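> here are the coordinates; sequence isn't available:
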């Protein structure tokens, strides 16, 4: 990192300081925060530009030496939904330019934008600052539209066009998996030599397998209870409704099972998913408990207390929750879609399910319930597998992508 002293990170639609699982906060927030931390450890200074979360917020926070989080006014998250941001991007861009013009930090060496809204601004800054833009899509509109659920609106054309402009104009693109890289090539026509595949990481100091028995006792979960955990935004795309339907089928298949489902997160998006009515309809009030989003330390405790973590997403660029759960020694049952096969090794660290049928999910969960030795072997392998995904490696590969962008930028 000798030649890359200052990095501008754009995360305009959601703050890396937000707790994942609520609003628009999810794995991307964890990603931005963790990679920034590791880049600082490598000697860089990182400025993260995001929108304010409330009116009259302090303009700058200093979460650690070498890092600044700059809150841009004009589109606070408590009053302006993400879907409204495209029309407000010029205002956010103007505030960003106003801040950098008055700042004495000097020019940036590289810009790293996250999600298409940030990339749209990043393209303008790349042109005007003569600094290369490296972009991470995180999710792709064309892929999401392939997996729309009932009641969900398709991603708008403005996003599809914006992503195409970024794919064409950014100096480099970072994909989470080979699957995402292939989607960029096939759906957006991106040249393969412009894409760097950089897997996300996991905080291995926090998500650890030690203390599983204590975590279970602290949570008040009896040894004979089969405990399944879900963590994420409560929206149809993430599939918590799949788990609830599978739980009802599981109770039919195994009437003597003592089953507990813990769902951690809150509703988000324009088509909010209400799990309460479905839980009531299926008579699962005593089985399913709904909890609000929690911080990383408490989330790790929930994962350690679980027999299985379910990731029933319809689309997932990687699936950070799956990796964090495995780092806690908990096997994962996930949909065989997107980047999840890269995070979960079928039959080794968990199980992959084709599709979202309640019967298929119930069968996979039943297998882990009825064969506890197999479940424990998966958990042991899961923690070993996840140990190879430290954030240090993610940051090092990201820095390599930055350097490549700088070296070849014209």
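Thanks, I have it. Keep in mind the model is a prediction, meaning the values are calculated, not measured.
> how far away is the residue of the chain positioned farthest from its centre from residue 39?
Distance to the chain centre peaks in the chain at residue 256, reaching 35.8 Å (criterion: Cα atoms, centre = their mean). Distance from residue 256 to residue 39, counting by Cβ to Cβ, to the nearest Å: 52 Å. Every residue, glycine included, has its C-beta placed from N, CA and C.
> check residue 331 too.
For residue 331 relative to residue 39 (Cβ to Cβ), the value is 32 Å.
> with residue 131 instead?
Residue 131 is 16 Å from residue 39, by Cβ to Cβ.
> and the two? Which one has more around it.
In this view residue 131 and residue 39 are compared by other Cβ atoms under 10 Å, and residue 39 has more residues nearby, 26 against 21.
> could you look up the SS state of that one?
helix (DSSP: H, G, I helix; E, B strand; the rest coil).
> ok so residue 139 is a strand residue?
No - applying three-state DSSP, one finds residue 139 to be coil, outside a strand.
> now the closest residue to it other than its chain neighbours: which helix or strand?
Among residues not flanking residue 139 along the chain, residue 317 sits closest, at 5.6 Å (Cβ to Cβ, 6 or more residues apart in numbering). If you go by DSSP states H and E, residue 317 is not part of any helix or strand.
> verify the stated contact: residue 317 with residue 176.
Yes - Residue 317 is within contact range of residue 176, at 4.8 Å (criterion: Cβ atoms under 8 Å).
> who touches both of these two?
Shared contacts of residue 317 and residue 176 (Cβ atoms under 8 Å, 6 or more residues apart in numbering): 138, 339.
> how close does the residue nearest to residue 139 sit to residue 152?
Distance from residue 317 to residue 152, by Cβ to Cβ: 18 Å.
> which of the two has more neighbours?
residue 317 (25 against 18).
> quick one: contacts for that one?
137, 138, 139, 140, 176, 177, 180, 338, 339.
> residue ranges in this structure under the pLDDT threshold?
1-3, 20-26, 149-151, 269-272 (pLDDT under 70).
> can I see the domain layout of it?
6-201+390-407, 212-386 (automatic domain parsing).
> tell me where the stretch 101-250 of the chain has helices.
In the stretch 101-250 of the chain, the helices defined using DSSP state H, counting those that start in this stretch lie at 115-129, 141-146, 157-169, 178-188, 212-218, 240-253.
> counting contacts, what elements does the fourth one pack onto?
With contacts defined as 3 or more Cβ pairs under 8 Å, 6 or more residues apart in numbering; DSSP states H and E, helix 178-188 has these neighbours: helix 141-146, helix 157-169, strand 172-175, strand 195-197, helix 340-343.
> could you export those as a markdown table, including mean neighbour count?
Below are the helices and strands packed on helix 178-188 laid out as a markdown table (neighbours: other Cβ atoms under 10 Å):
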| stretch | mean neighbour count |
| --- | --- |
| helix 141-146 | 18 |
| helix 157-169 | 17 |
| strand 172-175 | 24 |
| strand 195-197 | 18 |
| helix 340-343 | 24 |
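> re the thing from before, quick one: the helices of the stretch 101-250 of the chain as JSON lines, columns for distance to residue 68 too.
Conversion of these to JSON lines gives the following (distance: least, Cβ to Cβ, whole Å):
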{"stretch": "helix 115-129", "distance to residue 68": "16"}
{"stretch": "helix 141-146", "distance to residue 68": "31"}
{"stretch": "helix 157-169", "distance to residue 68": "24"}
{"stretch": "helix 178-188", "distance to residue 68": "29"}
{"stretch": "helix 212-218", "distance to residue 68": "35"}
{"stretch": "helix 240-253", "distance to residue 68": "35"}
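> among these, which comes closest to residue 64?
Counting by Cβ to Cβ, residue 64 lies closest to helix 115-129 out of the helices of the stretch 101-250 of the chain; the figure is 21.4 Å.
> how far does the closest one sit from its chain's centre?
21 Å (Cα atoms, centre = their mean, to the nearest Å).
> check which residues of it are buried.
If you call a residue buried by 16 or more other Cβ atoms under 10 Å, then helix 115-129 has these buried ones: 115-126, 129.
> good, wrapping up.
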